[in-house]
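Undergrad: Sequence and computational prediction follow.
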Amino acid sequence: MTTASPKAAERAAITAAAAADPTRRPRPLGGPLAGVRVVDFCWMGVGAIATRMLADFGAEVIRIEDSKRLDLPRRLPINKTAGARAYGDEDADPDPNAGGLFNNFNRNKLGITLNMRDPRGRALCERLISLSSVVTENFAPGVMERWGLVYERIRELTPEPIMARMSGYGHSGPHADFKSYGPVVQAVSGLSHVSGLPGREPSGWGLSYMDNMAAFHNAAALLTAIYHRNLTGRGTEIDVSAVEAGITLLGPVMLEVTVNGRKTRGGSFPTGNRLEHPPMAPHGVYPALGTDRWVAIAVANDAEWLSLLAELGHPEWNDDPRFASQAARHENQDALDALVGRATAGRDRHDLMHRLQQRGVAAAAVQTTEDVCDRDPQLAQAGVFFELDHPVIGPARFEGMPVRFSRLRQDNWRSAPLLGEDNRHVATQVLGLAEDEYRRLVDEGVFG
Amino acid sequence: MSAHPYAGLKIVEIADHVGGEYLGRLFAELGAEVTKLEPPAGSATRHVGPYAGGAEGPENSLTFWYYNTNKKSVLVDLASGDPHAALVPFLADADMLIVTFQPGVLRQLGLDLDRLSQDFPRLVIVSMTPYGLTGPWADYRSSDLVALAAGGPLHMCGYDDHSIPPIMPGGPQAHHTTAAFAHIAVMAALIERQTTGLGQLLDVSMHSASALNTELGNPFWLYNRVPVLRQTCRHAQPVMTQSPMYECADGSYVYYTLILADQHSWKILVAWMDELGMAAMLTEPAYGDVLHRQANMGQIQELVESFFLIQNGHDAYLEGQRRGLPIGIVNAPEELLDDEHLKARGFFVPVETDTAHGTVLYPGESCRYSAFGAVERRRAPRLGEDG
């Protein structure tokens, strides 16, 4: 899609310069997965996030990209110059190296552009697989089959491989070929339906929750397979269905349906911000000072209730028979929420959060992404975001792990690869091609 | 078929919330021996509904049933006496400890995770707490709602109408997110232990996990420096977009994102609408041009709304997918039990409850491995059933 770009020469020069930069050159990595080489066909979010986890822990993840069919996160207008645009509002000739989402999803990976439509490209790919022990993909079913890269073939190429196949519906069953992306998975798995106010359309999710969650699922499955192979010497094929992963995340409501026969259509379900189990009240999101600013409050018992009243300056509410017990408060949430909302409306959401927490009440400002990324002292001390430089994007902050390890260290050695940045390295250092052979393959369009 | 990957792993679980219990379940499901240590009153989740048959009681909580399959339950009172002494018999040959106490509670109990880590150097200790073990908020209180609020996802979820507050998505998703990250972290630590022989302490924070689950939200801020606006059942974005939810004749909704610039999908949709006599002027050549379509967006949206309104949701879903469109049906949980695809894959699995409810269906494995099959699912343990 960008081969005809008028900026192609300029971009190629940047890529060449980056590939020659010694600080970006691939080096042996540290971490528990050091020595594990992964041939990675994953793209979009759901695949790329999964293999990023492997790269973060020291695996040598080599992404195979198609320069004629750019990964969507390279193209989306999520970058330092796009401003306020919908992600569907793409540029006609996007710089594939400026994509922020791609950078976020693909740090610590190597990237090559290999023409899989050319038999020589496929042969090189098979050679790369023979030098690797893990293959990952999240194409629509049929793409790997078209290249002949099914598990049986991978096993011929390399002993006891792990092959992870990540799709919306899994690789068997009548809907195996169905097309999906995060919001479709959320709809089909029931996650959208269980989210919203009663008597209205579902409010669902404001993000591709299932891209993230299926990716985390996939990453765990890959790590499980690597652990298992270390123990037993046995490889495995992994089939993950994002829809099925989504259903496991419905939680206890699924058992209400199968055990108690609950019907969730119509009536009072779903319950918005109110909680049926346990019957907490108030349990909601209340207005705070400012436009679209809110505070979340969750009260579990009488002690917390009295603390809330003290902070809001309304001890007299406790004398109201409608609010005399947790059960009564749960029963009368319409009246309760109206009162609480009036009392919070003029309050600063962070100030109120801290004051309520000091009194032992679970509360939080409904934080924006700006709060989370730039102002949250708890996240800052945990080192949740970290910075790496990038030849086109410049310094950028990355989403790390919500975990602090006492021993293990993530080896964050590089931001995401430029398109084809590691072609020469992989061709000459991994595949062992001579420089002139590599040049010829570039000229003939096999690489690049 | 080889042994299940976690067979031989011994896990001790001290969890008073569903996040810790879900992590334990993820290991039990693949063959680990998970021993749940419960206080005399039982895990807090035994006292959270819904209850089987509506009968309140620690053996009837469906929340407990859901998150504790394939585990053992042993009664241990950590609040009376030296908790280290009480734990030694369980940790001596354990590979992993899941513990969910916040720092203040650990201090109160006299339980020192660093000391445990030194005393049991092979042990992987997973602390799963609302805010992590350190920092100014470490002892703040939390809940699913509070965690999604503080972490950022909540502000992105709700309705187009911003006079309505952000709406929490259903299910304990902040806990689920935390458990998913924790699973990854534990596996990395276990793989490292295969080389070094050493365990370690993992400090997992639900607040951090929620903050890392905004998908496009954080990148839109970190790169574009723009906030995102919540929108009904679709991505929060810097600008408002069209609704992808279409009501059908039977009151259900299908989910389809109409991307006018996508020529391929446009042709499929118009041909389908035309077959049902609902394409109106969309078959005119002018609509082949994306600019013309964009200029007539409102009109097109109305026609597509009418087109879905005359069909049943499930039929439209199957037919749209058959034609190659990425269309979804907004399923209610009870409808999943009749889904032909899930049936063919045998997704829901029977679990004998040893109660009047007999055998009930649970969601099954969401990862399938060719090298080993699923572990048979066993009901959650009764309180103190194993000692």
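TA: Happy to help now that I have it.

Undergrad: so is the closest residue to residue A:404 other than its chain neighbours in a helix, a strand, or just coil?
TA: Leaving aside its sequence neighbours, residue A:404 sits nearest to residue B:203 (Cβ to Cβ, 6 or more residues apart in numbering or on different chains; 4.2 Å). Using the backbone N, CA and C atoms, a C-beta is placed for each residue, glycine as well. Following DSSP: H, G, I helix; E, B strand; the rest coil, the label given to residue B:203 is strand.

Undergrad: residues in contact with residue 177?
TA: No chain in the question, so chain A it is. For residue A:177, the contact set (Cβ atoms under 8 Å, 6 or more residues apart in numbering or on different chains) comprises A:140-142, A:169.

Undergrad: Switch to chain B, please.
TA: A:212-213, A:216, B:206, B:209-210, B:213.

Undergrad: close enough to count as contact, residue B:50 and residue A:276?
TA: Yes: the criterion here is Cβ atoms under 8 Å, and residue B:50 meets it with residue A:276 at 7.2 Å.

Undergrad: Please say which of those two ends up with more neighbours.
TA: residue B:50 (22 against 17; other Cβ atoms under 10 Å in any protein chain shown).

Undergrad: mind checking pLDDT for residue A:4?
TA: On pLDDT, residue A:4 comes in at 59.

Undergrad: Please identify the buried residues of stretch B:245-264?
TA: B:245-246, B:248, B:252-258, B:260 (16 or more other Cβ atoms under 10 Å in any protein chain shown).

Undergrad: Export those as TSV, with columns for secondary structure.
TA: Below are the buried residues of stretch B:245-264 laid out as TSV (three-state DSSP):
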residue	secondary structure
B:245	strand
B:246	strand
B:248	coil
B:252	coil
B:253	strand
B:254	strand
B:255	strand
B:256	coil
B:257	coil
B:258	coil
B:260	coil
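
Undergrad: Which of those residues sits closest to chain A?
TA: residue B:255 (4.1 Å; Cβ to the nearest Cβ).

Undergrad: gap between residue B:279 and residue B:304?
TA: 10 Å (Cβ to Cβ, to the nearest Å).

Undergrad: Can you check which residues contact both of these two?
TA: With Cβ under 8 Å, 6+ apart, residue B:279 and residue B:304 have common neighbours residue B:273.

Undergrad: which residues of chain B fall in strands?
TA: Along chain B, the segments classed as strands by DSSP state E run B:10-14, B:33-38, B:71-75, B:96-99, B:124-129, B:200-205, B:229-231, B:234-237, B:245-247, B:253-255, B:328-329, B:348-352, B:359-363, B:367-369.

Undergrad: most packed of those strands?
TA: With neighbours taken as mean count of other Cβ atoms under 10 Å in any protein chain shown, the strands of chain B reach their highest mean count in strand B:328-329, at a mean of 28.

Undergrad: quick check: mean pLDDT across it?
TA: Per-residue scores along strand B:328-329 average to 98.

Undergrad: again with stretch B:33-41
TA: Per-residue scores along stretch B:33-41 average to 97.

Undergrad: what sits up against that stretch?
TA: B:9-15, B:21, B:24-25, B:27-28, B:43, B:46-47, B:58, B:68, B:70-79, B:90, B:381, B:383-384, B:386.

Undergrad: out of the residues you listed, who's near chain A?
TA: Checking the contacts of stretch B:33-41 against chain A by Cβ under 8 Å from any Cβ of the partner chain, the ones in range are residue B:47.

Undergrad: With adjacent residues omitted, what lies nearest to residue B:189?
TA: Per Cβ to Cβ, 6+ apart, closest to residue B:189 is residue B:124, 4.8 Å.

Undergrad: Verify the contact between that neighbour and residue B:188 for me.
TA: No: applying Cβ under 8 Å, one finds residue B:124 not in contact with residue B:188, separated by 9.9 Å.

Undergrad: which residue ranges form the strands in the stretch 201-350 of chain A?
TA: A:236-241, A:283-287, A:294-298 (DSSP state E, counting those that start in this stretch).

Undergrad: would CSV of those with mean neighbour count be doable?
TA: Compiled in CSV, the strands of the stretch 201-350 of chain A are given as follows (neighbours: other Cβ atoms under 10 Å in any protein chain shown):
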stretch, mean neighbour count
strand A:236-241, 25
strand A:283-287, 25
strand A:294-298, 27
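
Undergrad: Go through the chain and flag its longest helix.
TA: Answering for chain A, as no chain was given. Longest helix of chain A, by residue count under DSSP state H: helix A:209-232.

Undergrad: my question was about chain B
TA: helix B:173-196.

Undergrad: what pLDDT, on average, does that one get?
TA: 98.

Undergrad: tilt between it and strand B:124-129?
TA: On the basis of axes from the mean of the first three to the mean of the last three Cα atoms, to 10 degrees, helix B:173-196 is oriented at 160 degrees to strand B:124-129.

Undergrad: Phi and psi next, for residue A:399.
TA: phi -80, psi 120 (degrees, to the nearest 10).

Undergrad: Give me the spatial nearest neighbour of it, chain neighbours excluded.
TA: residue B:212 (5.0 Å).

Undergrad: Now do the same for that neighbour: its pLDDT.
TA: Residue B:212 is given a pLDDT of 98.

Undergrad: wouldn't it be in contact with residue A:382 here?
TA: No: taking Cβ under 8 Å as the definition, residue B:212 is not a contact partner of residue A:382, at 10.6 Å.

Undergrad: residues near residue B:241, how many?
TA: 17.

Undergrad: can you check residue B:294 too?
TA: Residue B:294 has 11 nearby residues by other Cβ under 10 Å.
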